[in-house]
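# heads up, no residue letters with this:
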């Protein structure tokens, strides 16, 4: 009997995807056990390797099955206890944490946030603030600052992940030029950076969601990496931009404002990309908007996609 690998792997994935929440609902597995499912992600790489090694043998289907089971466990765990797999369960009681200050010129901002949610916006002066609610288990987050730097970090257990949820409200100044780095693990994050002056902006997302609105912001360079998560980025159309965007087992959508000339260099591996939705056409080895040569402002992007999806949307299809 001939095995249809595509149907087999999808079938295994959906079986595991549904079995994990069912087992949790029936009390057959604990939340603490489910919250550690994300640590199985290296098996995805193992499965891909097996698929290549066994491609011409009767056991050709094993690699895909390993990948399907692993992804079913990870996403099934997220369905069972929410998006913050690896963070433990949320609690109703919480403690409050608040810090604030000012910069004296250009500054670096490092956000190392895990487990929960984060909203990052801007202020019209040189004042910054970082407010958080966190599970009241003695796991206090940490904010350190100088006149030219700010670091906001979630509480970490043994140097790894927080075991409680945090809800962050962070405001960054617009009067100072900022070099922004955000490391986001298992968190729902929203960045609305109107009028921000960013020499560079880097976002590294792992197993979470990211929404970045750069409308009205000046960004020298943009870098975003999405691993087992989903990201949505709105570009600004009134300044030039260079950037690199990558997805690994994730999804990325980029909104292109009207009038912005866009050029994309794409590298796809077992993935799907849609650049025509934003009006791009292939010119040689790159994708370009029709107005690229004449546009007052341009965005030059390098995109790498591995087992994921990338979509570009024109203005009007962004919200």
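Looks like it arrived, so ask away. Please read these numbers as outputs of a predicted model, since none were measured by experiment.

# could you use CA atoms for every contact and neighbour count after this?
Noted.

# how about residues contacting stretch 59-74?
5, 8-10, 12-17, 20, 37-38, 40-41, 43-52, 54-55 (Cα atoms under 8 Å, 6 or more residues apart in numbering).

# residue 239 in helix, strand or coil?
With DSSP: H, G, I helix; E, B strand; the rest coil as the basis, residue 239 sits in coil.

# centroid-nearest residue for this protein?
By Cα atoms, centre = their mean, the mean C-alpha position of the chain lies nearest to residue 205, the distance being 3.3 Å.

# count the neighbours of residue 307 for me.
If you count neighbours by other Cα atoms under 10 Å, residue 307 ends up with 15.

# phi, psi of it?
phi 50, psi 50 (degrees, to the nearest 10).

# shift numbering so it begins at 46
I'll keep to 46 as the first residue from here, and by that count the last item is residue 352.

# how close does it sit to residue 88?
14 Å (Cα to Cα, to the nearest Å).

# double-check residue 247 against residue 227; I have them as touching.
Yes: in this structure, residue 247 is within contact of residue 227 by Cα atoms under 8 Å, at 6.1 Å.

# rewinding a little: buried subset of the contacts of stretch 104-119?
54, 57-62, 65, 82-83, 88-89, 92-93, 95-96 (16 or more other Cα atoms under 10 Å).

# out of these, name the ones that lie in helices.
54, 57-62, 65, 88-89, 92-93, 95-96 (DSSP state H).

# with pLDDT and distance to residue 281 added, can I get the residues you listed in a markdown table?
Shown next, in a markdown table, are these (pLDDT from 0 to 100; distance: Cα to Cα, whole Å):
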| residue | pLDDT | distance to residue 281 |
| --- | --- | --- |
| 54 | 74 | 40 |
| 57 | 81 | 42 |
| 58 | 78 | 38 |
| 59 | 77 | 39 |
| 60 | 83 | 42 |
| 61 | 82 | 41 |
| 62 | 76 | 38 |
| 65 | 77 | 41 |
| 88 | 78 | 38 |
| 89 | 80 | 36 |
| 92 | 79 | 39 |
| 93 | 80 | 37 |
| 95 | 78 | 43 |
| 96 | 77 | 41 |
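
# what's the local residue count around residue 346?
21.

# surely it is in contact with residue 306?
No: if you go by Cα under 8 Å, residue 346 and residue 306 don't touch, sitting 10.9 Å apart.

# tell me which residues are up against stretch 270-281.
With Cα under 8 Å, 6+ apart, stretch 270-281 has contacts from 248-263, 290-302, 363.

# put the buried members of those into a PyMOL selection.
Selection of the buried residues among those in PyMOL, burial being defined by 16+ other Cα under 10 Å:
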select buried, resi 248+249+250+251+252+253+254+255+256+257+258+259+260+261+262+263+290+291+292+293+294+295+296+297+298+299+300+301+302
